[in-house]
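A.B. asks: Pasting the sequence and the predicted coordinates here, then a few questions.
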Amino acid sequence: MDAGQASFDSGAFRRTMGMFTTGVTIITARARDGERIGVTANSFSSVSLDPPLVLWSLAKSARSLDVFTGADHFAIHILSAGQEDLSNRFASRGEDKFAGLAVDDGLGGTPLLADCSARMQCRTVHRYEGGDHIIFVGEVVDLVSSDDTPLVFQAGKYALAARKSSGEPLVASALVGSDFNEDFLGYLLWRARFQFAAQLKKDAAIRAFTDNAFLLLVTLAHNNWRSADSLALTMFIDEDVADTTRALAELEVMGLLERRTAENGEALVGLNDVGMERALAALAAAKATEAAFIDKLGLWDSTALKNLLRGFIDATDPGVPHPWVRLEGEASGVAQALD
């Protein structure tokens, strides 16, 4: 093999570089004819603190290369976790990427996007050859940042950044040991649920209900008038619906629930006006509890935790819909009250 010849192909190099987690940015500039230009890029890095310099690179084959090469200013937008669609939009070709967006004009008329984790307006100070790319170095002359969770990119997929919860080294211990201890997934899920539920129960709007009655209450608040069978199925309650029956009876005794028939004759249960009022109060209390936990954990880690839990739920889904999702063919139209 020649001394300067690589022992790998471009695909292997791309996959390897993808292992390095990066942020996701949109770089914008304005052409001399007034056209607004923007591209999605993760080839962004800081260069210097004094003066404040940053760099990014653009493929020589990019149609926007001439605009960025001729622009005296450009803006770097570090995207927030909720801007995945915006990233995809500016990574595409053949459309007006700014259509329908709220855009301000920055230095040199540079288009500025909203709701990013951070935004930097830069003066172009250097352009360098970098293989099949051009490297742009800019001096940051204006900076706006927020506490919004940033969007990141890793191994070809969007991701979220999460911080370590302790000073202990990170260890891939998922397959090590089988004890029911603080590193066991089942224990972690159970303990988290236990601590959240214990905090919920401290609020008077929730304390009056058993766990099943509370779940039924908020489920009916989202989608009222359901059959007991469908509620039992979607709430993972026993197939004999005994637990559902007890929870429904609890709400009925409290004067919060009524029984009616559907237009097809099916028996339905639903919250009355008082029940709906109690449900909304309970939901408000639950949201307040969530806000307190997010405040303790931090917005970044809370966002990452929710994303991980959604992924866990999707990966282990047994095919049962969420409680508030009405089943296919389930009656909804209420005809009359049951005696």
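C.D. replies: Ah, there it is.

A.B. asks: Check the gap between the closest residue to Phe68 other than its chain neighbours and Ala75 for me.
C.D. replies: Spatial nearest neighbour of Phe68, chain neighbours left out: Ala29 (5.4 Å); criterion: CB to CB, 6 or more residues apart in numbering. C-beta: built from backbone N, CA, C; applies to glycine. Using CB to CB, to the nearest Å, one gets 7 Å for the distance from Ala29 to Ala75.

A.B. asks: can you list residues touching both of those two?
C.D. replies: Residues touching both Ala29 and Ala75 (CB atoms under 8 Å, 6 or more residues apart in numbering): Thr110, Pro111.

A.B. asks: returning to that earlier point: would you agree the residue nearest to Phe68 is in contact with Thr69?
C.D. replies: No - taking CB atoms under 8 Å as the definition, Ala29 is not a contact partner of Thr69, at 9.6 Å.

A.B. asks: Now do the helix or strand harbouring Val67: which elements does it pack against?
C.D. replies: In this structure, Val67 is located in helix 65-70 according to DSSP states H and E. Where contact means 3 or more CB pairs under 8 Å, 6 or more residues apart in numbering; DSSP states H and E, helix 65-70 is packed against strand 25-30, strand 53-59, strand 133-145.

A.B. asks: Who are the contact partners of the residue nearest to Phe68?
C.D. replies: Shown in contact with Ala29 (CB under 8 Å, 6+ apart): Ile37, Gly38, Ser64, Val67, Phe68, Ala71, His73, Phe74, Ala75, Thr110, Pro111.

A.B. asks: Rebuild these as JSON lines, extending it with neighbour count and distance to Ala208.
C.D. replies: JSON lines is the format used below for these (neighbours: other CB atoms under 10 Å; distance: CB to CB, whole Å):
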{"residue": "Ile37", "neighbour count": "23", "distance to Ala208": "59"}
{"residue": "Gly38", "neighbour count": "26", "distance to Ala208": "53"}
{"residue": "Ser64", "neighbour count": "19", "distance to Ala208": "61"}
{"residue": "Val67", "neighbour count": "22", "distance to Ala208": "63"}
{"residue": "Phe68", "neighbour count": "21", "distance to Ala208": "62"}
{"residue": "Ala71", "neighbour count": "23", "distance to Ala208": "63"}
{"residue": "His73", "neighbour count": "20", "distance to Ala208": "60"}
{"residue": "Phe74", "neighbour count": "26", "distance to Ala208": "58"}
{"residue": "Ala75", "neighbour count": "26", "distance to Ala208": "53"}
{"residue": "Thr110", "neighbour count": "24", "distance to Ala208": "57"}
{"residue": "Pro111", "neighbour count": "21", "distance to Ala208": "54"}
